Structure formats: C-alpha cells, structure tokens
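Chemist: okay, structure incoming, though there's no sequence with it:
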C-alpha cells in the first residue's frame with residue numbers, strides 16, 4: 001500500500017472509546033521495546049510518527065492509527081514490563097484480552113519477537129493464546145540487521161521450535177534499518193484486510 005495519510009485517531013482504554021468505523025484492524029503485539037513503533041513507522045513511511053520509547057511499559061493504551069482512511073493499526077501495550085505494578089498488569093491484561101477476543105473489526109495480529117534472541121516465555125505464551133482464539137497471526141522477528149545473514153536460518157528454526165509453530169504459520173525477518181521484510185508484512189496485511 002502507498003501510504004500518504006496517517007492519523008492517530010485515539011488512545012483508548014475502553015471499548016466505548018474505540019473508533020466507530022468498520023475499517024479492518026491489525027493489532028501489533030510484543031514485549032516492550034521489541035520494535036512495534038519502528039515497524040509501524042516503517043510500514044507508514046514515517047520517521048517518528050509512532051513514538052519509540054526508552055522506557056518499557058510506557059504505552060498503556062490501545063493506540064489506533066488510521067491508515068489512508070482504510071484500516072487501523074492498533075498498537076497494543078507491550079508485555080514483560082517489570083516496573084509496572086501487578087494491579088496495572090492485570091488491568092492491561094484485561095483490556096488487551098477484551099480487545100483481541102471481542103473486536104469484530106480485528107482481522108489479524110502481528111506478533112513481534114526480537115530476532116537477536118530466542119523467544120521469551122511471554123512470547124510463547126502470547127502465541128499460544130492467540131492460536132487458541134484462532135486469530136490470524138503473523139510472527140515478525142525484528143532487529144534482524146543486528147544478526148549475521150549466515151544466522152538467519154538459525155533464527156527461523158529457533159523461533160519456530162520455541163513457539164511450536166503450526167505448519168502454515170508465516171514468519172518474516174524484519175529490519176527497520178534496511179527495510180527488509182517491509183513488503184512481505186504489507187502483503188500479509190493486505191491479504192487479511194482486503195485493502196490495497
């Protein structure tokens with residue numbers, strides 16, 4: 001998709017705040033600092049539209065980005081944030097679960113994992129949870145420019161084995177630095193949402 005217009009419509013914490021449109025939505029999930037903002041910025045051809053933060057757990061709302069008045073990217077709070085209280089974690093968990101299981105406009109979930117390391121227990125748990133609810137999932141291994149090309153096969157094998165991938169499960173290696181994987185991610189989004 002050729003992106004010229006993007007707008008942060010709302011940062012929501014409750015269903016009554018979600019956009020009232022019927023645009024298809026793609027959720028981006030992953031642990032804090034895995035690169036959700038960087039992926040969003042790369043997909044929409046902007047440098048700093050979605051803000052990257054040096055403070056894990058800073059995103060505490062569901063951020064709805066309107067892309068070309070055709071679809072929404074929904075940035076979901078990162079998991080694995082140690083500095084957030086147990087109560088806050090429970091609230092986030094409830095908010096995220098409600099959105100992912102009840103939002104009619106949701107067409108798929110992009111699950112980001114750090115390509116430099118094996119998936120964490122939280123990554124595996126999130127993948128299993130999304131699979132349980134039969135949500136279309138695209139796993140994206142980020143920061144792949146920090147990995148030697150000779151190690152790519154190892155990264156793919158490690159992610160697939162750790163997460164116990166289904167046979168049909170797509171995995172894309174991505175870098176915000178050199179844009180590797182950008183077109184493949186867009187292709188998956190277009191397939192899920194029907195937008196061009």
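Modeler: Noted; the coordinates are in hand. From a predicted model like this one, the values you see are computed outputs, not experimental measurements. Numbering: from 1, shown residues only.

Chemist: and the residue nearest the centre of the chain, what does it touch?
Modeler: Nearest to the geometric centre of the chain sits residue 28, at 2.0 Å (C-alpha atoms, centre = their mean). Counting by C-beta atoms under 8 Å, 6 or more residues apart in numbering, residue 28 makes contact with 36, 39, 40, 73, 74, 75, 76, 109, 110, 112. Quick note: C-beta positions are derived from backbone N, CA and C, even for glycine.

Chemist: quick check: the last one is in a helix.
Modeler: No: secondary structure of residue 112, determined by DSSP: H, G, I helix; E, B strand; the rest coil: strand, with no helix assignment.

Chemist: now the residue nearest to it when sequence neighbours are not counted, what's its secondary structure?
Modeler: Nearest non-adjacent residue to residue 112, counting by C-beta to C-beta, 6 or more residues apart in numbering: residue 30, 3.4 Å away. With three-state DSSP as the basis, residue 30 sits in strand.

Chemist: pretty sure residue 30 contacts residue 119?
Modeler: No: with contact defined as C-beta atoms under 8 Å, residue 30 does not count as touching residue 119 (10.2 Å).

Chemist: so what sits against both of the two?
Modeler: residue 113.

Chemist: which SSE is residue 97 in?
Modeler: helix 86-102 (DSSP states H and E).

Chemist: tell me what that helix is packed against?
Modeler: Here helix 86-102 touches strand 25-30, strand 62-67, strand 106-114, going by 3 or more C-beta pairs under 8 Å, 6 or more residues apart in numbering; DSSP states H and E.

Chemist: and that helix, what's its mean pLDDT?
Modeler: Mean pLDDT, helix 86-102: 83.

Chemist: report the buried residues of it.
Modeler: Of the residues in helix 86-102, 89, 92, 95, 96, 99, 100 count as buried by neighbour count, 16 or more other C-beta atoms under 10 Å.

Chemist: same check on stretch 17-35?
Modeler: Across stretch 17-35, burial judged by 16+ other C-beta under 10 Å covers 18, 23-35.

Chemist: end-to-end on it?
Modeler: 26 Å (C-alpha to C-alpha, to the nearest Å).

Chemist: got it, and stretch 27-36?
Modeler: End residues of stretch 27-36 are separated by 10 Å (C-alpha to C-alpha).

Chemist: stretch 133-147 too?
Modeler: 32 Å.

Chemist: now do the buried residues in that stretch.
Modeler: For stretch 133-147, by 16+ other C-beta under 10 Å, it's 135, 137, 138, 139, 140, 141, 142, 143, 144, 145, 147.
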